[in-house]
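# this one's sequence-less:
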């Protein structure tokens, strides 16, 4: 990986991990002026105390993303005159948290009013075609928070691994009788936390409930597209084509936090589950309007699955809801025993 690519990766990661309130600046040591060992050092200065645990966690993420196993984040005071002689200090500023614009969530790559655009070919005036690196672009028609598949993937890759050991965020590790029952636990935990943080429902959505929903939608495994009254349903959480189109329609019933996915992206577990949980939050608000009372997450699922007119009549719809209830209660009982 080139130095330029490393700088871009590190800069984007730091933008997603720090805000203005952190008051921290990071630098690169100029190549050729220090030993090869020192080239893996990223010194930082801070105008307020930063938790050392956060620094170590970020260091691990940077090592993984850049492939630099020896990369270290070290306070400037520990570098100058100790690791690197004063006479050989050539530091290059490349990130300052003071320059970070406001984002709706620390995990987002882009500030409010912008969305992430993937790396793509760009036609130059000379007639040549070059790669244009991924970057944030201003939303054209709406002030809505807007998400594309590439940003959802990068958010998951960057932040979800650190959630594995948190039992309050992760769903209970139970196969629920399926060969790959824990396959999507990390995606379930990460996206449930993200949308709870963003949308702040009065009753937070439980990752166990999402896992129970996915169990009834796809048996927590690879699934072919299924037909439905709302168009083909795809992926582990079964996003219908109708739902996918509403999620990206800036002039439709969804007022904010839109998600744009292609048909293929709506099948991929990381984007499918992220978009599906966002849609479930919307369906809870929709159920509240229709029922004219505070809706439960079970009410949300009934509308998510399009079963509102069928529940309570002793048919397949009641069996499906009973099945979700059974899975969810099983997970909750295990959680309480921990």
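Nice, I can see it. Bear in mind that the values here come from a model prediction, so they are computed numbers and not experimental data.
# For stretch 147-166, buried residues please.
Residues of stretch 147-166 classed as buried: 147-156, 158-160, 163 (neighbour count, 16 or more other CB atoms under 10 Å). C-beta coordinates here come from the backbone N, C-alpha and C atoms, glycine included.
# Among the residues you listed, which lie within strands?
Using DSSP state E, the subset of those located in strands is 147-148.
# tell me which of the buried residues of stretch 147-166 is nearest to residue 257?
residue 147 (7.2 Å; CB to CB).
# Enumerate every residue touching that closest one.
When contacts are counted by CB atoms under 8 Å, 6 or more residues apart in numbering, residue 147 touches 115-116, 257-260, 274.
# For it, list each beta-bridge partner.
Beta-bridge partners recorded for residue 147 (DSSP bridges): residue 259.
# Use 767 as the first number from now on
In the new count, where the first residue is 767, that last one comes out as residue 913.
# re the thing from before, now a ChimeraX select for only the buried ones of the contacts of residue 913.
Here is the ChimeraX command that selects the buried residues among the contacts of residue 913 (16+ other CB under 10 Å):
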select :881,882,1023,1024,1025,1026,1040
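# possible to save the contacts of residue 913 as JSON lines with pLDDT?
Formatted as JSON lines, the contacts of residue 913 follow (pLDDT from 0 to 100):
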{"residue": "881", "pLDDT": "83"}
{"residue": "882", "pLDDT": "85"}
{"residue": "1023", "pLDDT": "94"}
{"residue": "1024", "pLDDT": "94"}
{"residue": "1025", "pLDDT": "96"}
{"residue": "1026", "pLDDT": "94"}
{"residue": "1040", "pLDDT": "98"}
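# List just the nearest of the contacts of residue 913 to residue 954.
Distance to residue 954, by CB to CB, is smallest for residue 1040 among these, at 10.1 Å.
# separation between the closest one and residue 1047?
Counting by CB to CB, to the nearest Å, the gap from residue 1040 to residue 1047 is 12 Å.
# And the helices in the stretch 967-1104 of the chain, which stretches?
Under the criterion DSSP state H, counting those that start in this stretch, the stretch 967-1104 of the chain contains helices at 973-984, 1007-1014, 1035-1057, 1063-1070, 1082-1103.
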